[in-house]
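K.L.:
Can you look at this prediction? I've put the sequence above it.
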Amino acid sequence: MPDLTIPATATTGFEHAPTRPKLDHDFGPKTAVLFFSILAIMLLFIAYSVYTDVEESGSRTTTWLPFLLLGVALLIALAFEFVNGFHDTANAVATVIYTHALSAPAAVIWSGLFNFLGVVMSSGAVAYGIIALLPVELILQVGSSAGFAMVFALLIGAIIWNLGTWYLGLPASSSHTLIGSIIGVGLANQLTKSAGAASGVDWAQASKVGYSLLLSPVVGFAAAALLYLALKVVAKRPELYAEPKGATPPPLWIRGLLILTCTGVSFAHGSNDGQKGMGLIMLILIGVVPTAYALNRALPDSDIQPFLTTSAAVVRALERYKPETPIRDPRRVIGDYLRTRQANPDVLPALGLLAADIKTQVAKYGSLRHLPADAVQNVRNDMYLAAESIRHLSRDPSVRLPKAEADVLQVYRRELDLATRFIPTWVKIAVAVALGLGTMVGWKRIVVTVGEKIGKTHLTYAQGASAELVAASTIAAADLYGLPVSTTHVLSSGVAGTMFAGRSGLQMATVRNLLLAWVLTLPAAILLAGVLFVIFSRIL
């Protein structure tokens, strides 16, 4: 077994060692007090927000056990984002630290601020793209013991692997780790249930996400190398391609460029990576207190009438599809389709019946806020089944719908998503604070690897700016399409690409260890989460 440890020693791995930035800073007791004060305020804010939402929804419970499980699950989800912060954000600050554009404390605080802003301003599309990978029945019954086993297993498995790779100084991908954990839970769920009774992994969605994760290092390497070469043609200023001289900061215009690219990576990282925790937190909230979180209670009543009109259009469009035999349970038909991905003549008429049931329920009360507590979870599950079936039907080659019908179904799916795919502001703030605080802790190990252990020579200003500009652009583009992408993969491979293009040479031992960590991450996360799911299923 090769030694994967990349030590954070006082000596660099460069052939010609320049002045190393000061990485060991004592933040002092005042900083520690501020850190723990923010942490305490965040926890109180979460408790108050949940209490307020539950009170406004009129939800009542006779036992404290669900809220105990809720508290534990929320803490684990936020712990994942905290670890994600110090594991991944080091990639954003390594270039500004090693080019002396910012001191380590200033870079870490600056990056934490823009991670916070990135999370708060994110769309939520990535959050629900992650959830779509999970088995259908676990999503529909997330408040059950199996649902809690799922959440605990995938989060704890991801945290264990992230902490292990961080300890070794390996910039492995938190996104890669979480996807592996979800696949592990899905496979374990399928293997531990009777054949055909449980769904495993949505391989179509997993392959879509997998492509983005596999392509990101290639894009990072090639795009950063090309950008660096293009920069050498366009910008002839020799100081841009020089190594830092001692601990002297670069010229002001170069410093501004490096800080700008660091800001872009930090913001994009927060916007993309922060959403993964949001999606899992929403699953937890929906399972424990569905009355408050299963449906978007903030949706204006003025949006209800257009929804009812679209629902009626869907029902009319699907009435012409006659089932072979009367359908007694449309939910079972749709659920079987989502589990097997095998369309049959009953799917479309079942979808029409389900749309009619949803329309009847919503029209009866005229508002999502007025749905009675015992109906909220069922309506939410019906909406989820309808939206997911439309999403799969639209890409199922065995189902050919006229354009008018396909269009009205897509409009209906978007309106269903407005009711079920939402992120409360307090969830965004809680995840943003956890991710931001995570940047303050443990960043040194990964920073040393990115800054010292990839290339044989010191990072130049142009190399640092090129790698970070590519990373920020790639992550932002993935965010627009609702795809999770690895900041670590893009940034680390981007640095390697600029070193290759600049003929600086690569430290092949580090490159080999990074590649090995990336290869091992998926199977290790699958195994960890799968085993933990089986254990937690037995316990709970």
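P.N.:
Ah, there it is.

K.L.:
isn't there a helix covering Arg320?
P.N.:
No - assessed by DSSP: H, G, I helix; E, B strand; the rest coil, Arg320 does not belong to a helix; its assignment is coil.

K.L.:
Mind pulling up the pLDDT for it?
P.N.:
At Arg320, the predicted lDDT confidence score is 87.

K.L.:
what do you get for the one 5 residues further on?
P.N.:
Among the per-residue scores, Thr325 shows a pLDDT of 83.

K.L.:
Would you confirm that it belongs to a strand?
P.N.:
No - assessed with three-state DSSP, Thr325 is coil; it does not lie in a strand.

K.L.:
Now it, what are its backbone angles?
P.N.:
Dihedral pair for Thr325: phi -140, psi 160, per degrees, to the nearest 10.

K.L.:
before we move on, what about Leu506?
P.N.:
With angles defined as degrees, to the nearest 10, Leu506 sits at phi -120, psi 140.

K.L.:
swap in the one 10 residues further on?
P.N.:
For Leu516, the backbone dihedrals (degrees, to the nearest 10) come out as phi -60, psi -40.

K.L.:
roughly how far apart are it and Ala94?
P.N.:
From Leu516 over to Ala94 the distance is 20 Å, taken as Cβ to Cβ, to the nearest Å. Quick note: C-beta positions are derived from backbone N, CA and C, even for glycine.

K.L.:
ok, these two, which is more surrounded?
P.N.:
Taking other Cβ atoms under 10 Å, Leu516 and Ala94 do not tie; Ala94 has more neighbours (31 against 14).

K.L.:
My read is that that one contacts Ile454, right?
P.N.:
No - Ala94 is not in contact with Ile454 according to Cβ atoms under 8 Å; the separation is 9.5 Å.

K.L.:
who touches both of those two?
P.N.:
Shared contacts of Ala94 and Ile454, defined by Cβ atoms under 8 Å, 6 or more residues apart in numbering, are found at Val495.

K.L.:
could I get stretch 128-139 in PDB with only the CA atoms?
P.N.:
Output of stretch 128-139 as PDB, limited to C-alpha atoms (Å, rounded to 0.1, in the frame of the first residue of the first chain):
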ATOM      1  CA  TYR A 128     -32.700  18.700  -5.400                       C
ATOM      2  CA  GLY A 129     -30.400  17.200  -8.100                       C
ATOM      3  CA  ILE A 130     -28.600  15.400  -5.300                       C
ATOM      4  CA  ILE A 131     -31.900  14.200  -3.700                       C
ATOM      5  CA  ALA A 132     -33.000  12.800  -7.100                       C
ATOM      6  CA  LEU A 133     -30.300  10.100  -6.700                       C
ATOM      7  CA  LEU A 134     -31.900   8.600  -3.600                       C
ATOM      8  CA  PRO A 135     -34.300   5.600  -3.700                       C
ATOM      9  CA  VAL A 136     -37.900   6.600  -4.300                       C
ATOM     10  CA  GLU A 137     -39.400   4.900  -1.200                       C
ATOM     11  CA  LEU A 138     -36.800   6.300   1.100                       C
ATOM     12  CA  ILE A 139     -37.600   9.800  -0.100                       C
END
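
K.L.:
Show me which residues of stretch 292-307 are buried.
P.N.:
The neighbour-count check on stretch 292-307 (16 or more other Cβ atoms under 10 Å) flags Ala292, Tyr293, Ala294, Leu295, Asn296, Arg297, Leu299, Ile304, Phe307 as buried.

K.L.:
Show me the strands in the stretch 101-250 of the chain, by range?
P.N.:
Counting by DSSP state E, counting those that start in this stretch, the stretch 101-250 of the chain has no strands at all.

K.L.:
If you could redo that for the chain, that was the one I meant.
P.N.:
Using DSSP state E, the strands of the chain do not appear at all; there are none.

K.L.:
Against Ala350, how distant is the residue of it most remote from its centre?
P.N.:
Going by Cα atoms, centre = their mean, the residue of the chain most distant from its centre is Thr325, 42.6 Å out. With distances taken as Cβ to Cβ, Thr325 is found 12 Å from Ala350.

K.L.:
Repeat that for Gln463.
P.N.:
Distance, Gln463 to Ala350, by Cβ to Cβ: 57 Å.

K.L.:
Please apply the same query to Leu393.
P.N.:
According to Cβ to Cβ, Leu393 and Ala350 sit 11 Å apart.

K.L.:
Who has more neighbours out of the two?
P.N.:
Neighbours of Leu393 and Ala350, each counted by other Cβ under 10 Å, are more numerous for Ala350; the result is 27 against 19.
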